[in-house]
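**Student:** only geometry, no sequence info:
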């Protein structure tokens, strides 16, 4: 994995320099030798049919936590940057609600929660349609791809297709390219001619229901920065990984390095147990069934027996997390004191303590104008709460801000609150917990509380070893960008952090 990370970093630097054909280099990222012979179907899992939900993976044997169950390259992929370039005027896209357009108006609100609700859930994201064209091009180049892998993916027959919303393309250019590609299949490939009509109906749905996001170390605080891997984010269509079903309590976690996707047991899995991943970000799995279903936009209801009835107030609130990357970047561009004040206001809104009209931070939550804000017992406006991950992101930003102001003791309390969120709300061995443990360890060390620091450091490396392996050497490579962040002030701040890293995770 270490060599794969180095190759990914080299690619990011190449993209930063404006090198030609980044996609070609991206697709050349190698599957590590140790991952090529994983006994996925021979020893670990088998594909079984479930009457109510089709096919899925079931453990053949007991699988200990940390077992790498599957590693794969995609059939096809599209970078997020390709999506942005393909849009008229290079406008940014929501991409799962992670981006919002800026506003040059000085009086504009920092956060407009109504933008979190504007996505039309009946439309396929633009990136899905770009991936569809990419898959169609590959099929024209290699007609055997249909029988070899694509035809095996959901939806697998006319009955399953009939149960799903039909694909409706809202981009005329993409639709014309798709029709042209299908016509080429019929005219040039005798082997596909009998199934061209089936392909034209199934392929858009195969992409819609099997697409996986690809982000390289997105949990790192340094992810959007110059040492991060944000440029490698995108989506891919994979063969075997498409047989994982979804659960709000996944026993398998996935991570990507470039387009190489790896699936790891995040807990001990008993033989005969279905192996699940999550189709949505781990930090929204703790939300209500209503919000999880909004995030999933799939053909099934994610509600389970332990889910409570829908809260009417949630339907007046945001449909996706509000504190996205653009909001976080805007906050980080403020002075520390201004940022602290803004974070406190946003925290109040996120927890539903203030209505939007009280502070002007949020214009609208997307509900009915007469019902946007509920009234509490004192007849004071109370807005519906945001996502729990919004509060977590603001908590982390507040800790970073306090660190920059030299208030490390208060910051440590927040880092430990962030740890509690990860351990109580996220699946086991979640990499987000490693990140906040690392910062808690560094802060405690700089405060002279070495017992506390060593405890956090030990848990961080233990979790990292189970998820990624490689010992301290790989830990320091993966976490390197975060370990080098200049969060703490003072002329000797960087030297003190380096010394703390060497003491807590010695090579």
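**Tutor:** Looks like it arrived, so ask away. What you see is a predicted model; the values in this text were computed from it and never measured. Residues are numbered from 1 along each chain as shown.

**Student:** need the next SSE after the helix or strand where residue 71 lies, C-terminal direction.
**Tutor:** For residue 71, the host element (DSSP states H and E) is strand 68-72. Per DSSP H and E, the first helix or strand lying C-terminal to strand 68-72 is strand 76-79.

**Student:** Determine the set of other helices and strands touching that next one.
**Tutor:** On a contact count with 3 or more Cβ pairs under 8 Å, 6 or more residues apart in numbering; DSSP states H and E, strand 76-79 meets helix 22-27, helix 126-141, strand 234-237. Every C-beta, even on glycine, is put in place using the N, C-alpha and C of the backbone.

**Student:** Would you mark the buried spots in stretch 426-433?
**Tutor:** Residues of stretch 426-433 classed as buried: 426-433 (neighbour count, 16 or more other Cβ atoms under 10 Å).

**Student:** Let me know the distance separating residue 422 from residue 176.
**Tutor:** Distance of residue 422 to residue 176, given as Cβ to Cβ, to the nearest Å: 46 Å.

**Student:** So between those two, which is more surrounded?
**Tutor:** Each of residue 422 and residue 176 has its neighbours counted (other Cβ atoms under 10 Å); residue 422 has more, 22 against 11.

**Student:** Next, give phi and psi for that one.
**Tutor:** For residue 422, the backbone dihedrals (degrees, to the nearest 10) come out as phi -60, psi -40.

**Student:** which ones are touching it?
**Tutor:** 430, 432-433, 436 (Cβ atoms under 8 Å, 6 or more residues apart in numbering).

**Student:** Apart from its chain neighbours, what residue comes closest to it?
**Tutor:** Distances taken as Cβ to Cβ, 6 or more residues apart in numbering place residue 433 nearest to residue 422, at 3.6 Å, with adjacent residues excluded.

**Student:** Now do the same for that neighbour: its pLDDT.
**Tutor:** At residue 433, the pLDDT value in this model is 97.

**Student:** for the helix or strand where it lies, packing partners?
**Tutor:** Using DSSP H and E, residue 433 maps to helix 431-446. On a contact count with 3+ Cβ pairs under 8 Å, 6+ apart, helix 431-446 meets helix 388-404, helix 408-425, helix 450-468, helix 480-483, helix 493-504.

**Student:** I would like the residues contacting the last one, please.
**Tutor:** Outside helix 493-504, the residues that touch it by Cβ under 8 Å, 6+ apart are 441-442, 445-446, 453-454, 457, 476, 483, 486, 488, 490.

**Student:** ok, 7 Å please
**Tutor:** The contact list for helix 493-504 (Cβ atoms under 7 Å, 6 or more residues apart in numbering) reads 441-442, 445-446, 453-454, 457, 483, 486, 488.

**Student:** and what of the first one?
**Tutor:** For helix 388-404, the surrounding residues in contact (Cβ under 7 Å, 6+ apart) are 283-284, 286-287, 321-323, 328, 331, 336, 339-340, 343, 346-347, 350-351, 410-411, 414-415, 417-418, 421, 425, 443, 487-489.

**Student:** mind checking how far it is from the chain centre?
**Tutor:** Here the centre of helix 388-404 is set off from its chain's centre by 19 Å, with Cα atoms, centre = their mean, to the nearest Å.

**Student:** Over to the third one?
**Tutor:** Per Cα atoms, centre = their mean, the displacement of helix 450-468 from the mean C-alpha position of its chain is 23 Å.

**Student:** relative to helix 450-468, how tilted is whichever helix or strand comes after it?
**Tutor:** Sequence order places helix 471-478 as the next helix or strand after helix 450-468, per DSSP H and E. Using axes from the mean of the first three to the mean of the last three Cα atoms, to 10 degrees, the inter-axis angle of helix 471-478 relative to helix 450-468 is 90 degrees.

**Student:** still on that earlier bit, just the angle between the helix holding residue 433 and helix 471-478, please?
**Tutor:** Interaxial angle of helix 431-446 relative to helix 471-478 (the same axes, to 10 degrees): 100 degrees.

**Student:** residues of helix 431-446 that come out buried?
**Tutor:** By neighbour count on 16+ other Cβ under 10 Å, the buried set for helix 431-446 is 431-446.

**Student:** just the residues you listed now: which is nearest residue 237?
**Tutor:** residue 431 (23.7 Å; Cβ to Cβ).

**Student:** returning to that earlier point: list the contacts of the helix holding residue 433.
**Tutor:** Taking Cβ under 7 Å, 6+ apart as the rule, helix 431-446 contacts 219-221, 255, 283, 403, 408, 411-412, 415-416, 418-419, 422-423, 426, 452-453, 456-457, 459-460, 463-464, 467, 479, 482, 488, 496-497, 500, 503-504.

**Student:** one more time with 6 Å
**Tutor:** When contacts are defined by Cβ atoms under 6 Å, 6 or more residues apart in numbering, helix 431-446 is touched by residues 219, 408, 411-412, 415-416, 418-419, 422, 452-453, 456-457, 459-460, 463-464, 496, 500, 504.

**Student:** Residue ranges in the stretch 1-150 of the chain under the pLDDT threshold?
**Tutor:** Scanning the stretch 1-150 of the chain for pLDDT under 70 picks out 19-27, 84-123.

**Student:** any chance you could map the strands in the stretch 1-150 of the chain?
**Tutor:** Assigned by DSSP state E, counting those that start in this stretch, the stretch 1-150 of the chain shows strands spanning 45-50, 54-59, 68-72, 76-79.

**Student:** now for these, which one comes closest to residue 6?
**Tutor:** Ranking the strands of the stretch 1-150 of the chain by proximity to residue 6 (Cβ to Cβ) places strand 68-72 first, at 17.4 Å.

**Student:** returning to that earlier point: mind checking which of the contacts of helix 431-446 are buried?
**Tutor:** Using 16+ other Cβ under 10 Å as the burial test, the contacts of helix 431-446 include 219, 408, 411-412, 415-416, 418-419, 422, 452-453, 456-457, 459-460, 463-464, 500, 504 as buried.

**Student:** Low-confidence stretches in the stretch 301-450 of the chain?
**Tutor:** Ranges of the stretch 301-450 of the chain meeting pLDDT under 70: 311, 313, 354-384.
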